[in-house]
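Engineer: Compute the structure for the input listed below.
(chains A and B)
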Amino acid sequence: MPLYHNDDQAMLKDSVAPFVAEQAPVSHLRSLRDSADATGFSRDLWAQFTEMGLPGILVPEAHGGLGMGHMEAGIVLEEIGRNLTPSPFLSTGVGAVAALAKAGGAQAGRWLPAIASGEAIVALAIDEGAKHRPDRIATTATRAGNGFRLDGKKSFVLHGHVADMSIVAAKTDGGITLFAVPKDAKGLTADPRRLVDSSLASHVTLGGVEVDADAVIGEVDAGGEILDALLAATRTGAAAEMVGVGQGAMDMTVNYLKERKQFGKLIGEFQGLQHRAAHLYGEMEVARATVMKAQQLLDEGSEGAKLMVSVAKAKAGRAANLAVREGVQMHGGIGMTDEYDIGLYMKRDRALAEFMGDVHYHIDQVARMNGY
Amino acid sequence: MSDLDAFRAEVRAWLEANCPPEMREPVREEGDVCWGGRNWEFKNEAQKQWLEACVAKGYTVPDWPKPYGGAGLSPEETKILKQEMKRINARSPLDSFGIWMLGPALLQFGTEEQKVHYLNPIARGEIRWCQGYSEPGSGSDLVSLQTFGEDKGDHWVVNGSKIWTSYADKADWIFCLVRTDKANKYQGITFMLFDMASKGVTTKPILLISGNSPFCETFFDDVEVPKRQYVGEINRGWDVAKYLLGHEREMISGGGAGGDMVSIGTLFARSLGKNDHGELDDPILRAEMAAFDVDVFAYRAMGERFMDMWKTGRAHPASSNMMKYVGTELNKRRHELVMSGGGSEALEWDSEETKGGARARGWLRTKANSIEGGTSEVMLNVIAKRILDLPGA
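Structural biologist: As a prediction, the model looks like this:
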């Protein structure tokens, strides 16, 4: 498989890109933010996403989805990133779908069709502290009655307060187990916090939440592999969205360099700025190729996918961060104003960088996977 | 089984039968690289066997058409061959400026007669080529070149000098940019080919900070070049040169991504030691090495994407400038880390254990990567103007 979009993928991009740019440009985020919207995203927009089949892009056809791959999901995510579109697509359409499809069984049968039809929003309750440390899950699931009793605290749960179901990772006697915890489960509370990028993420408390045995996603104690699939998909998706954020910021900045005059010249004529913009271009191109490689390996089910996923999250993290920092700096004073969009890109990048492991976490993972 | 799977199986079996075990080792020193040419002395029998096997199969230039010494493979098949060679750590059977640079230019601009005449010996490693572009004082500003070919009817008489001609002292023939019209800066240069044994050609090595000398100064004193030995059109050599530079940048930038597939942190477990967690016992250097590894894996993905796009005409023509810039800066960073990781051992300049200071010399050599073939600053200028379309000063 060549590392560029084939004709079908190019067609998908040609339909998704103008749709997102028209229906949910940066002004869409602004209006949600300025009205202190309590949901965090537009249900109307999600319905439009559903009409296009996007929530089911990764859902197998047998469960009512389009049965496409991470490369295709990445196309959607890049446009979401470029337009800073608030959407549950990454957690619901990518992370949750990857876990449920990997696990199969009753929970997959229950939730995958609901995701594909746009009826269900799913949250990912993995992290527990300020930093992403999925190998240190302290939430416990103990056997009780016909099922399990869940106790613990989760943080950085995107859409946790509105999700119809949350995938909760918990420790069981012999390993990690994932649970599908429905919205109305007793003892489950979600406390939403507004983040720097205006998105809403919840602190979730599991105070003796009782679930039936069939709430287990996959098998008891065997959630590690499913969690890995969830993490790989979500990290790659976040990296794709970051490429979109970085590209959006870079495009804005390069355009600005061609318009803004100082000292009687367009500032884009100054070699100091040209070199920085050209360096940024190189970093963004490399990041894009890396994310595509990770998507390709995931779609092929390759052994090398795990390494490349961490490489992609780290590389996209570095490149997008450079893009937003250079963006604000090169815009000068206007880049610091709330009225101008470039600052919103910086905020969104910060949140995505932290989500599912920051650059440092993934660089460390690369060292570990290489045995040093 | 698809055709490509069948091809992979065939290649695998062929490599198993034809690639000698000695050729499945990373290149460790200059002599491990096979350059070919009229005066080439093989380092050992395995090097000779490996070249001959690949020549017979067309695998020194797998994607060239068969009449010119290639195997006529499709881009997908070429990629599979490269993957399979990489898988067994097979050394390149032949390193050659003829393959990397002149060949693609001839395929694009040469006459049928020139293709047959020049490409086959290149594919077989019989003629070693060098490149005559830069001149003293011209640096990256190639259009300022002064070497002049005076029109004498059926031939030119060439006078002038070139600098940074890699391996000119070992090369058999040169591809050379010569001014043939003094009145026209851009459209007054012709791309010529001639024998380095021609009367009036002399070379002088230039000693570098690495203590080695791949580069030469080359002098032309009334050198006669027959008129049939130019490529493209007379006075339009710049078109050929630009096309060829794209391939040169691809080659130089390959140093950062290709070469050693081993991640850098694993190379220094002995000199740095490991802590109780099995991590390199220098947390800051470990982090820098891992960050570098991330960039190398990422750059390799870019290399794959670039080649896929380049070969199908999807790549921006100036994207080779970006590859060159990113790849060479990465290679320099690698060698800084090699020196840090190697500690005092890496400083040794001529001891036997260090293979004659290979690391120190290699480190110094890489400093030229961001100068040769156009400086990083020139690459950034080109990206800014041609890709980002930023305004000219």
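
Engineer: helix, strand or coil for the nearest residue to B:Ala384 once chain neighbours are set aside?
Structural biologist: In space, and not counting its chain neighbours, B:Ala384 is closest to A:Gln274: 3.7 Å by CB to CB, 6 or more residues apart in numbering or on different chains. Glycine gets a C-beta too; all of them are placed from N, C-alpha and C. At A:Gln274 the chain is in helix, as set by DSSP: H, G, I helix; E, B strand; the rest coil.

Engineer: didn't A:Gln274 look like it was pressed against B:Val382?
Structural biologist: No - using CB atoms under 8 Å, A:Gln274 is not in contact with B:Val382; the gap is 10.2 Å.

Engineer: if we can go back for a sec, for the residue nearest to B:Ala384, report the pLDDT, please.
Structural biologist: On pLDDT, A:Gln274 comes in at 98.

Engineer: coming back round to it: of A:Gln274 and B:Val382, give the one with the bigger neighbour count.
Structural biologist: Each of A:Gln274 and B:Val382 has its neighbours counted (other CB atoms under 10 Å in any protein chain shown); A:Gln274 has more, 23 against 19.

Engineer: How about the contacts made by the more buried one?
Structural biologist: Neighbouring residues of A:Gln274 by CB atoms under 8 Å, 6 or more residues apart in numbering or on different chains: A:Gly268, B:Leu380, B:Asn381, B:Ala384, B:Lys385, B:Leu388, B:Leu390.

Engineer: could you redo the last one with a cut-off of 10 Å?
Structural biologist: A:257, A:267-268, B:380-381, B:383-385, B:388, B:390-393 (CB atoms under 10 Å, 6 or more residues apart in numbering or on different chains).

Engineer: Could you point out the longest helix of the chain?
Structural biologist: No chain was given, so I picked chain A. Across chain A, the longest stretch assigned as helix under DSSP state H is helix A:223-257.

Engineer: wrong one, chain B
Structural biologist: helix B:283-311.

Engineer: and that one, which residues are buried?
Structural biologist: Going by neighbour count (16 or more other CB atoms under 10 Å in any protein chain shown), the buried part of helix B:283-311 is B:285-311.

Engineer: So what's the model's average confidence on that helix?
Structural biologist: 94.

Engineer: That one close to chain A?
Structural biologist: Yes - using CB under 10 Å from any CB of the partner chain, helix B:283-311 reaches chain A at B:286-309, B:311.

Engineer: Over to stretch B:362-376?
Structural biologist: Yes - residues of stretch B:362-376 are located near chain A by CB under 10 Å from any CB, namely B:Ser376.

Engineer: isn't A:Leu178 right up against A:Gly224?
Structural biologist: Yes - using CB atoms under 10 Å, A:Leu178 makes contact with A:Gly224 at a distance of 9.3 Å.

Engineer: The two: which is more packed in?
Structural biologist: Taking other CB under 10 Å, A:Leu178 and A:Gly224 do not tie; A:Leu178 has more neighbours (32 against 16).

Engineer: That one should be in a strand, yeah?
Structural biologist: Yes - when three-state DSSP is applied, A:Leu178 is found to be in a strand.

Engineer: Pick out the most distant pair among the contacts of A:Gln274.
Structural biologist: The largest separation in these, counting by CB to CB, is between A:Ile267 and B:Ile383 at 17.1 Å.

Engineer: Among these two, which residue is more densely surrounded?
Structural biologist: Neighbours were counted for A:Ile267 and for B:Ile383 using other CB under 10 Å; B:Ile383 has more, 26 against 21.

Engineer: Now do the contacts for that one.
Structural biologist: B:Ile383 sits in contact with A:274-275, A:277-282, A:285, B:316, B:318-319, B:321-322, B:325, B:390, where contact means CB under 10 Å, 6+ apart.

Engineer: list the contacts for the closest residue to B:Glu279 other than its chain neighbours?
Structural biologist: Distance criterion CB to CB, 6+ apart; nearest residue to B:Glu279, sequence neighbours excluded, is B:Arg286 at 6.0 Å. By CB under 10 Å, 6+ apart, B:Arg286 lies in contact with A:Ile363, A:Asp364, A:Ala367, A:Tyr372, B:Gly265, B:Phe268, B:Leu272, B:Lys274, B:Asn275, B:Glu279, B:Leu280, B:Gly341.

Engineer: Would you mark the buried spots in stretch B:210-221?
Structural biologist: Result for stretch B:210-221 [16+ other CB under 10 Å]: buried residues B:Ser210, B:Pro214, B:Phe215, B:Cys216, B:Glu217, B:Thr218, B:Phe219, B:Phe220.

Engineer: next one: stretch A:32-46
Structural biologist: Counting neighbours by 16+ other CB under 10 Å, stretch A:32-46 gives A:Leu32, A:Arg33, A:Thr39, A:Gly40, A:Phe41, A:Ser42, A:Leu45, A:Trp46 as buried.

Engineer: Now find how far off-centre that stretch is within its chain.
Structural biologist: Stretch A:32-46 sits 18 Å away from the centroid of its parent chain (CA atoms, centre = their mean, to the nearest Å).

Engineer: And for stretch A:185-205?
Structural biologist: Worked out by CA atoms, centre = their mean, stretch A:185-205 lies 16 Å from the chain centre.

Engineer: model confidence over that stretch, on average?
Structural biologist: pLDDT averaged over stretch A:185-205 gives 97.

Engineer: buried stuff in it?
Structural biologist: A:185, A:188, A:190, A:192, A:195, A:197-204.

Engineer: so how far does it reach from one end to the other?
Structural biologist: 11 Å (CA to CA, to the nearest Å).

Engineer: Helices of the stretch 151-300 of chain B, start to end?
Structural biologist: Along the stretch 151-300 of chain B, counting by DSSP state H, counting those that start in this stretch, helices occupy B:237-257, B:269-272, B:283-311.

Engineer: Let me know the next secondary structure element after the last one.
Structural biologist: Tracing the chain C-terminally past helix B:283-311 and defining elements by DSSP states H and E, one meets helix B:319-342 next.

Engineer: Tell me the helix or strand right after that next one.
Structural biologist: With DSSP H and E, the next secondary element past helix B:319-342 is helix B:358-366.

Engineer: and whichever helix or strand comes after that next one, what does it pack onto?
Structural biologist: Moving toward the C-terminus from helix B:358-366, the next helix or strand (DSSP H and E) is helix B:376-382. Under the contact criterion of 3 or more CB pairs under 10 Å, 6 or more residues apart in numbering or on different chains; DSSP states H and E, helix B:376-382 touches helix A:271-300, helix B:319-342.

Engineer: Identify each buried residue in helix B:376-382, please.
Structural biologist: Result for helix B:376-382 [16+ other CB under 10 Å]: buried residues B:Ser376, B:Val378, B:Met379, B:Leu380, B:Asn381, B:Val382.

Engineer: likewise stretch B:36-46?
Structural biologist: Buried, per 16+ other CB under 10 Å, within stretch B:36-46: B:Gly36, B:Gly37, B:Trp40, B:Ala46.

Engineer: closest to chain A among these?
Structural biologist: Closest approach between those and chain A, by CB to the nearest CB: B:Ala46, at 30.4 Å.

Engineer: before we move on, the earlier item: so for the buried residues of stretch B:210-221, which is the shakiest by pLDDT?
Structural biologist: If you rank the buried residues of stretch B:210-221 by pLDDT, B:Pro214 sits at the bottom with 83.

Engineer: Show me chain A divided up by domain.
Structural biologist: A:7-120, A:124-220, A:224-370 (the TED database).

Engineer: which of these sits most buried?
Structural biologist: Counting by mean count of other CB atoms under 10 Å in any protein chain shown, domain A:224-370 has the highest mean neighbour count of those, with a mean of 22.

Engineer: now that one: how far from the chain's centre is it?
Structural biologist: So, by CA atoms, centre = their mean, the centroid of domain A:224-370 is 13 Å from its chain's centroid.

Engineer: same question, stretch B:283-295
Structural biologist: So, by CA atoms, centre = their mean, the centroid of stretch B:283-295 is 27 Å from its chain's centroid.

Engineer: out of the helices of the stretch 151-300 of chain B, nearest to B:Leu119?
Structural biologist: helix B:237-257 (14.3 Å).
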